[in-house]
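**Q** with the sequence up front, the predicted model follows.
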Amino acid sequence: MKRRTVLFAATCLAATVTAAQGPALPDGFTRPDKGNCLACHEVPASVGKPGGNVGPALTGSRMRELGAARLRELMEDPMRFNGNTTMPPFGRHQILTRVEIDAIARVLQALPDGEPAPVAATPATEDAALRALLERGRAVWTHKFKDKRSLSGCFPNGGRRIAALYPQYDARLQRVITLEMAINQCLKAHHEALFEPLDPDTMGAVIAYVRSLSDGQKVAVKLPPAAQPRFDEGRRLYSTRMGQRNFACASCHSQAAGKRYGAQPLPALAGLATGATDVHNGKALTLQARMRDCLERMGAAPFAAGSDELNHLEYYIASRSNGMILRTAAPR
């Protein structure tokens, strides 16, 4: 009898601990290619997983109040209830199966209450790593071509204070020209091999260095009347929902500006281009590389680097930072 009492008490204790910690989270809840609920929602700290705060916190009492049927409907197609929602239509766009939606609904209702899990601070890239990156960029920028010229000789004042002026509208070509395109135009004029626009070791490093030559300058992207259709196209792309997840750039950088997608802060549109060269694991990512990464997160096929679509989108985004101070590559 005593043994049965001990076993019963141990079982109750285990059940209490499980209830306090919440249920195990299924793959559909956490996988980036599935529900990835934690990218936008916080859960109680006892679950042990920090999340983003784009959407409301997922607390057990609130989930049980909504009910399983309502939770399933919201995951199936939230736009039926809110046409401006940032939540993807998981069921309608076949990101989650009905079985996966049912499993997540059960998990949501079994969640405990409590404060959300804290988000660990993202360690900054060491100054030494950033200096090394900029030095690599400087070496590329000043490297002598076969004709003894260099990239620095193709731009006014050796490239100082030019990054804040790009992208530019070229009236002769009737195209938006990015800084990456201008660099490759210089290489072509001197019969040198062009840089791959997304290569972090060449184009990424040199863009980071040239931006450092404009550190502290105000963004001053010009918008002549002839460029208006390109600006308008960039604005349209910024606001257009795309891909399997039905996101737009505006979903994160207008509607959810200042919040977190996972542990990553979402900057507002105004100022988005002031720190456009991102540094990750010692590699420099250009604004277009970051835009392509966002398109992939949307579940959309990314436009090619240097395409009119990305150039117009960059033109719109950069112009919305006019008058704001440009910063050297921003570590994350």
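**A** All right, it came through fine.

**Q** please count neighbours and contacts with C-alpha atoms only from this point.
**A** Fine.

**Q** pull the contacting residues for Val221.
**A** Val221 sits next to 164-168, 315, 318-319, 322 when contact means CA atoms under 8 Å, 6 or more residues apart in numbering.

**Q** got the phi/psi numbers for it?
**A** phi -80, psi 120 (degrees, to the nearest 10).

**Q** circling back to that earlier point, which of the contacts of Val221 fall in strands?
**A** Of the contacts of Val221, the ones assigned to strands by DSSP state E are Gln168.

**Q** now for the contacts of Val221: which two are most distant?
**A** Gln168 and Asn322 (12.9 Å; CA to CA).

**Q** relative to Glu314, how far out is Arg235?
**A** Look at Arg235 and Glu314: by CA to CA, to the nearest Å, they are 10 Å apart.

**Q** tell me where the stretch 1-150 of the chain has strands.
**A** For the stretch 1-150 of the chain, strands defined by DSSP state E, counting those that start in this stretch do not occur.

**Q** give me the low-pLDDT residue ranges for it?
**A** Within the stretch 1-150 of the chain, the stretches with pLDDT under 70 are 1-23, 121-126.

**Q** again, 80 this time
**A** Applying pLDDT under 80 to the stretch 1-150 of the chain flags the ranges 1-24, 26-27, 48-49, 117, 119-129.

**Q** so what are the domain limits for the protein?
**A** 2-110, 127-331 (automatic domain parsing).

**Q** highest mean neighbour count out of those domains?
**A** Neighbour counts (mean count of other CA atoms under 10 Å) averaged over each of these peak at domain 127-331, with a mean of 19.

**Q** one step back: just send the domains of the chain back as a markdown table, with distance to Ala120 too.
**A** Output for the domains of the chain, formatted as a markdown table (distance: least, CA to CA, whole Å):
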| stretch | distance to Ala120 |
| --- | --- |
| domain 2-110 | 8 |
| domain 127-331 | 8 |
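
**Q** ok, of the contacts of Val221, which one's closest to Leu266?
**A** Of all those, Leu266 sits closest to Ala318, with 16.3 Å by CA to CA.

**Q** distance check, the closest one against Arg175.
**A** 16 Å.

**Q** kindly report the same for Tyr238.
**A** 19 Å.

**Q** identify the residues contacting stretch 258-272?
**A** 38-40, 50-54, 119-120, 122, 252-254, 256-257, 317-318, 320-321, 324.

**Q** since that was my last question, I'll sign off now.
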